[in-house]
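A.B. asks: Sequence first, then the predicted structure:
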Amino acid sequence: MPVRIGFAQHRMRFLQEEVDKVVDVLPTLGVEKAILLNPPYPGTVKPDTALGFVMVMEDDRPFVRRPDFFYSHLTPSVAVDFFPYTPQEMEALEAGDSPLARAIRQGEVVYEQ
C-alpha cells in the first residue's frame, strides 16, 4: 500500500496529540501512574501504529471491564490500548519477566501522581 510523503510525521503528530490529551485528563480519573509502552518516536511510526498505556489505579472492577472506563472517559481519536492494573497487580507484574513486564520497564512514564 502506498504511503503519502510526510505521512509518518502527520501520524506521529496525531499520536502525540492523543498522548497529551490522555495525560491532561488523568488527574481527574484517579490514575496514580501512566506508562506509555510505545512512545511515538521518528522512524517508529507506521500507518497502523497504536498507542499502549499501562494505567495504575485502585479499581475493584473485574480486569476485563477496566479498559471500558478509559475508553468512555477519554474517547480516543486514534488506536489506543489501555492496560489498567491496581498498584498491587503492578508490583507483582514488575517483579516478573513477562513480555509486558519488559515493555513496562522500557516504556516512558508520562504521568505520576
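C.D. replies: Yep, it's here.

A.B. asks: ends of stretch 35-49, how far apart?
C.D. replies: Length of stretch 35-49, first residue to last, Cα to Cα, to the nearest Å: 17 Å.

A.B. asks: which parts of that stretch are buried?
C.D. replies: For stretch 35-49, a neighbour-count test (16 or more other Cβ atoms under 10 Å) marks 35-38, 40, 45, 49 as buried. For the C-beta atoms, the positions are set from N, CA and C on the backbone; glycine is no exception.

A.B. asks: Output the below-cut-off pLDDT ranges for the protein.
C.D. replies: Low-confidence segments of the chain (pLDDT under 70): 1-6.

A.B. asks: what's around the closest residue to residue 85 other than its chain neighbours, how many residues?
C.D. replies: Leaving out its chain neighbours, the residue that sits closest to residue 85 by Cβ to Cβ, 6 or more residues apart in numbering is residue 56, at 5.7 Å. For residue 56, the neighbour count with other Cβ atoms under 10 Å is 24.

A.B. asks: just checking, residue 56 touches residue 26?
C.D. replies: No. At 10.5 Å, residue 56 does not count as touching residue 26 under the criterion of Cβ atoms under 8 Å.

A.B. asks: Noted, bye for now.
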